[in-house]
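# Sequence and computational prediction follow.
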Amino acid sequence: MRNSLLSARRPRIASYAIALACVALTSTTVHAAGAANASAGDDAADQAVVSVQTVQVQRAVIAQPVRAYGIVAASASNLTTVNLPYLAHIVQMRVQAGQSVTRGTPLFVVQADPAAVLAANQAKSAVTLAQGELARTQSLYDKGLATQSQLATARKAVEDAQQALAAQNQTGVANGHKVIAAPIDGVVLQISAAQGDQVQPGAAILQLTTGSGNGKDARANVMLGVEPSDVPAIHAGDTVTLHGLSTTLAKAAVDGRVVLVGASVDQQSQLVNVGANVPLGQTAFIPGTRVSADIATRSGTHWVVPRAAVLKDDKGAYVFQITPQNKARRVAVVTQIENGDRYGVDGPIDGAQGLVVSGNYELKDGMAVRDSGGAPR
């Protein structure tokens, strides 16, 4: 009976085994087909052509700009104060603030205080009196009626009187009206006295500023303030480009040179003062103009590339160039200068190969590319 049951089940077991074998074969076939399709997909990806835009690259001089702000003709070394060493009355003012003058141009007319005129006249009289006394003493000495000591005293009195007169003459005190002329070429920056005023000895009447004309004066005529951290990169001789801050001067620009770099922080502005000499003659940058400036520092010759061309990863900065076989070539670079939308970089760049500026994020070394054009060159 038992043998009969086993004999009845054997056909069913055989059927199940055949079915399982078919399922396994089908699964293996599907898996192999999937693997083949994936491999084909990878090969297709490897053969993908990326569309890029390129520019030509070249070596050129490029500098790191440092931004500064300041004012024209703010340096004390360019200011000449016009005053009088005696008490005087301003009779007439011949100039006004902002006016350009040349050496010898009448600035104002003054009348010396009567006491100052009297002192000058007394100095002249003292010389005349001392000279007469010396002559009389000399005559008495020649006759044996005066001593050597008396003659020496008379000579000393003449010398003292002459020195006092010379001091008075240096003040320029004169009777009546006197015209005071400009001692130098310059611009009237400020007038501190008005017609009718009485000015004290040494008090400033007006100020002239120099060094903003033809550029022959090598002194600083523009004072700028820069951040202390930027000072180590700035040196005398660096190029300075001035820009106007006002709307009317927004497009105006003029170049000059750094002539001095401050060694301490200004307590008021908390910046370091940098002096520049800029030829401002025949320009709109008159004394007192507020300006911004770009100081060109660390100037040198590098590969000049657009900012968009430089990428970075954990291996450092790099760019892509296109080989003659239309393949992407990764080139490691070192960024030396950042100047607006341009970089100055060093590295094994080939000047004959195009530099990728658009589409470079999709590239890998050796990928096939197509230059679609359209990028500015």
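Sure, I can see it.

# tell me which residues of the longest strand belonging to the chain are tucked away?
If you go by DSSP state E, the chain has its longest strand at strand 290-306. Within strand 290-306, the residues scored as buried using 16 or more other Cβ atoms under 10 Å are 291, 293, 294, 295, 296, 297, 298, 302, 303, 304, 305, 306. Placement of C-beta: from N, CA and C, glycine included.

# out of the residues you listed, what pair is the most spread apart?
By the measure Cβ to Cβ, 291 and 303 form the most distant pair in these, at 32.3 Å.

# and the end-to-end length of stretch 170-179?
One end of stretch 170-179 to the other measures 15 Å (Cα to Cα, to the nearest Å).

# contacting residues around it?
Contact partners of stretch 170-179, identified using Cβ atoms under 8 Å, 6 or more residues apart in numbering, comprise 84-86, 91, 106, 108-112, 116-117, 119-120.

# again with stretch 108-127
Contact partners of stretch 108-127, identified using Cβ under 8 Å, 6+ apart, comprise 84, 86-95, 158, 161-162, 164-165, 167-169, 171, 173-180, 193, 198, 205-206.

# Check stretch 161-168 too.
Stretch 161-168 is contacted from outside by 119, 120, 123, 124, 126, 127, 129, 130, 131, using Cβ under 8 Å, 6+ apart.

# pLDDT (mean, whole number) over it?
Averaging pLDDT along stretch 161-168 gives 87.

# Could you list the buried residues of that stretch?
161, 164, 165, 168.

# do the same with stretch 50-69
Quick answer for stretch 50-69 (16+ other Cβ under 10 Å): 50, 52, 53, 54, 55, 57, 62, 63, 64, 65, 66, 68.

# which residues of this protein score low on pLDDT?
Applying pLDDT under 70 to the chain flags residues 1-47, 74-77, 211-218, 373-377.

# again, only using 80
Residues of the chain meeting the criterion pLDDT under 80: 1-48, 73-79, 98, 170-172, 209-219, 250, 280-283, 286-287, 373-377.

# Setting aside sequence neighbours, what's the nearest residue to the most centrally placed residue in the chain?
With distances taken as Cα atoms, centre = their mean, residue 295 lies nearest the centre of the chain, 3.0 Å away. Setting aside the residues directly before and after it, residue 295 is nearest to residue 66 in space (Cβ to Cβ, 6 or more residues apart in numbering), at 4.4 Å.

# Give me the distance between the strand or helix carrying the one you found and the centre of its chain.
Under the criterion of DSSP states H and E, residue 66 resides in strand 58-72. Relative to the chain's own centre, strand 58-72 is displaced by 7 Å; criterion: Cα atoms, centre = their mean, to the nearest Å.

# Output the contacting helices and strands for that strand.
Judged by 3 or more Cβ pairs under 8 Å, 6 or more residues apart in numbering; DSSP states H and E, strand 58-72 is in contact with strand 222-226, strand 290-306, strand 334-339.

# for the first one, packing partners?
Read that as strand 222-226. strand 58-72, strand 239-244, strand 272-277, strand 290-306.

# mind listing what the third one pairs with, with the direction of each?
Right, the one you point to is strand 272-277. strand 222-226 (antiparallel), strand 253-265 (antiparallel) (DSSP bridges).

# Name the residues that touch the first one?
When contacts are defined by Cβ under 8 Å, 6+ apart, strand 222-226 is touched by residues 66-75, 234, 240, 242, 256, 266, 269, 271-278, 291, 293, 295.

# Stretch 300-314 now?
55, 57-63, 317-320, 333, 335-338, 340-347, 349, 355-358, 360-361.
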